[in-house]
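S.K.: Based on what follows, work out the 3D shape:
(chains A and B)
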Amino acid sequence: MNSSYPSDHDRMLELLADQAIGGLDAAEQLELKSLLETSPDFDLESLDRTAAMLDVAASAEGIEPLPNHLRDRILAHVQSDSEAVGTVPPAVQSRSEIRWREVVAWTTAAACLLLAVFAWSRWPATTPPSGPSPDPPVFAGKNTVPPRPSDDEIVLPNTNPTISQLREQLLSSAPDVLLLQLVSDTGGGVAGESSGDIVWSSGQQIGYLRLKGSAGSKLAQQLQYQLWIVGSDVSGNELINGGVFPVDRSTGELILPIQASQFVQQPKMFFVSVEPSGGGNDFTVSLLAKADGSGP
Amino acid sequence: MPETILDKVAARNPGAVEQCLARYGGLIWSLARRLSPTTSDAEDAVQEIFVDLCRHASRFDPQREPSEATFVAMIARRRLIDRHRKHTRQVKTVPIDERGAMPVAMPLNGLELRDEIGHVRELLAQLKSEERQILELIFFHGLSQSETGEMLNMPLGTVKTHSRRGLLRLRELSAGVLDLAREGET
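M.R.: Below you'll find the predicted structure:
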């Protein structure tokens, strides 16, 4: 910051005004975050509130009624959301992401079926039945279907891999997989006690955020994490929401699926912000990782 | 102090969300239409905003916010800007009135809102003419800062400077109005 520039306080106000009017890019957000640390008591919402007052005043010009089909859709969605509150991050709520979840569900179901068939086919043909069973059918005079084991002999394969296993699978199988260590940006406070890493495959557009350390602390449980991805394409850098993750666990390690809100062309940096549960502007960038391997 | 709609939403009272939709659905829908590239995107945005509202309704503080509508608009604006930046990286709104739908003159009900709108008009009148004109183009006519610059034949940097200064001045003025109102209550 050179001396000919406005004071830090004035620059902070400029950025807050820009944020209220049209939002900030990634660099400006980081700059604002840094400036806010010098003014912890400033009412961060005051400019958002002023902009909202203008929006309300503009509504006096006449507003369109909410379409009925949208009203019904929202009512249904809010009802289902309230039943799952605390477990469903906001980033999974758009229709495109619901479609993505359907794809995952179908893929999981197909994988379960394949595993079941595989387990069945690998059952030893010599395993004797433990009790009476009907004679197996005979096909073409030579191939016999192995006798079905009794229920208490069946050990079902684990058809629901844990998130940790899914992360390991991605690490071992995706040729383009990135494994990036998250580095503390602040070096202190709640966030500074955390560490973690990012596993990301651009080809598959899936990845996992692993957080260790203060995620389990009492204070951290009053916070929520948000992952941001700085990607780049031909038109420049873009900031992509990677998902909001309420911290509701008391253990020291969390693995969370990254929920990128749009296609990530070429990730350059991942960073995790921490904010009070419920959102707001009072966020802190706590951890970051650059895809080129350089530090923060 | 009477219970607000957001109090009822926060308490999950039966029918509260319906009330909230009836009262603020039009405001949010109009904002979303103005700041979304397509109708489908506006619909998704409105849904997300209502989910946000239901989750954060308990944060509404009548001592701090000029009105419930302002709090609702603030939640909506944040979400819309966030979506807009994610989708386009450049704040450039495209009119989505391809279908020719005309806004219906359906102002928000409530006497206190009419008062608030009147106050905002008075505050706007105290700004410098360039600041007022630019804020009106952005907030009342839904233009981006770039479009505002094109319309006024003004560099983008100048538009940004005037809009920042205007908003900061409005913030100071509205803080004074709120303080006076609180003094009057005590």
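
S.K.: Residue of chain B closest to chain A, please.
M.R.: Among the residues of chain B, residue B:25 lies closest to chain A, at 3.3 Å counting by C-beta to the nearest C-beta. Quick note: C-beta positions are derived from backbone N, CA and C, even for glycine.

S.K.: roughly how far apart are that residue and residue B:68?
M.R.: When distances are taken as C-beta to C-beta, to the nearest Å, residue B:25 and residue B:68 turn out to be 14 Å apart.

S.K.: Could you find the closest non-adjacent residue to residue A:164?
M.R.: Among residues not flanking residue A:164 along the chain, residue A:255 sits closest, at 5.7 Å (C-beta to C-beta, 6 or more residues apart in numbering or on different chains).

S.K.: Helix, strand or coil: sort out that neighbour for me.
M.R.: Using DSSP: H, G, I helix; E, B strand; the rest coil, the secondary structure recorded for residue A:255 is strand.

S.K.: which stretches of the chain form strands?
M.R.: Defaulting to chain A. Remark: strands of chain A, listed N- to C-terminal, are A:138-139, A:143-144, A:178-184, A:195-201, A:206-212, A:223-233, A:236-246, A:253-257, A:267-276, A:284-290; assignment by DSSP state E.

S.K.: where do the helices sit along chain B?
M.R.: For chain B, applying DSSP state H gives helices covering B:5-10, B:16-35, B:39-56, B:68-88, B:111-125, B:129-135, B:145-152, B:156-185.

S.K.: Adding mean neighbour count and mean pLDDT, write the ones you listed out as TSV.
M.R.: What follows is the helices of chain B, written out as TSV (neighbours: other C-beta atoms under 10 Å in any protein chain shown; pLDDT from 0 to 100):
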stretch	mean neighbour count	mean pLDDT
helix B:5-10	20	90
helix B:16-35	22	90
helix B:39-56	22	90
helix B:68-88	22	86
helix B:111-125	16	79
helix B:129-135	19	94
helix B:145-152	17	92
helix B:156-185	16	81
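
S.K.: looking at these, which is closest to residue A:206?
M.R.: For the helices of chain B, distance to residue A:206 was read as C-beta to C-beta. The smallest value, 18.3 Å, belongs to helix B:68-88.

S.K.: Taking helix B:111-125 as reference, get the angle to that closest one.
M.R.: For the pair helix B:68-88 and helix B:111-125, the angle between their directions (axes from the mean of the first three to the mean of the last three C-alpha atoms, to 10 degrees) equals 60 degrees.

S.K.: helices or strands next to helix B:68-88 in the packing?
M.R.: For helix B:68-88, the packing partners by 3 or more C-beta pairs under 8 Å, 6 or more residues apart in numbering or on different chains; DSSP states H and E come out as helix A:8-22, helix A:46-59, strand A:236-246, helix B:5-10, helix B:16-35, helix B:39-56, helix B:111-125.

S.K.: okay if I get those as TSV plus distance to residue A:227?
M.R.: As requested, the helices and strands packed on helix B:68-88 are exported to TSV (distance: least, C-beta to C-beta, whole Å):
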stretch	distance to residue A:227
helix A:8-22	20
helix A:46-59	23
strand A:236-246	3
helix B:5-10	27
helix B:16-35	24
helix B:39-56	17
helix B:111-125	37
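
S.K.: same question for stretch A:202-214, mean pLDDT?
M.R.: Rounded to a whole number, the mean pLDDT of stretch A:202-214 is 80.

S.K.: Let me fix that, I meant to ask about stretch A:31-42.
M.R.: Averaged across stretch A:31-42, pLDDT comes to 83.

S.K.: any bit of it sitting next to chain B?
M.R.: No: if you take C-beta under 8 Å from any C-beta of the partner chain as the test, stretch A:31-42 misses chain B, and the best it gets is 11.6 Å.

S.K.: I figured residue B:56 was touching residue B:76, is that so?
M.R.: No: the pair residue B:56 and residue B:76 does not pass the contact test of C-beta atoms under 8 Å, sitting 11.5 Å apart.

S.K.: Pick out the residue closest to the middle of chain B.
M.R.: Nearest to the mean C-alpha position of chain B, by C-alpha atoms, centre = their mean, lies residue B:73 at 4.0 Å.

S.K.: ok, now which ones touch that one?
M.R.: A:52-53, A:55-56, A:59, B:27-28, B:31 (C-beta atoms under 8 Å, 6 or more residues apart in numbering or on different chains).

S.K.: Can you add distance to residue A:243 and give the helices of chain B back as JSON lines?
M.R.: Formatted as JSON lines, the helices of chain B follow (distance: least, C-beta to C-beta, whole Å):
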{"stretch": "helix B:5-10", "distance to residue A:243": "24"}
{"stretch": "helix B:16-35", "distance to residue A:243": "22"}
{"stretch": "helix B:39-56", "distance to residue A:243": "14"}
{"stretch": "helix B:68-88", "distance to residue A:243": "12"}
{"stretch": "helix B:111-125", "distance to residue A:243": "36"}
{"stretch": "helix B:129-135", "distance to residue A:243": "34"}
{"stretch": "helix B:145-152", "distance to residue A:243": "29"}
{"stretch": "helix B:156-185", "distance to residue A:243": "31"}
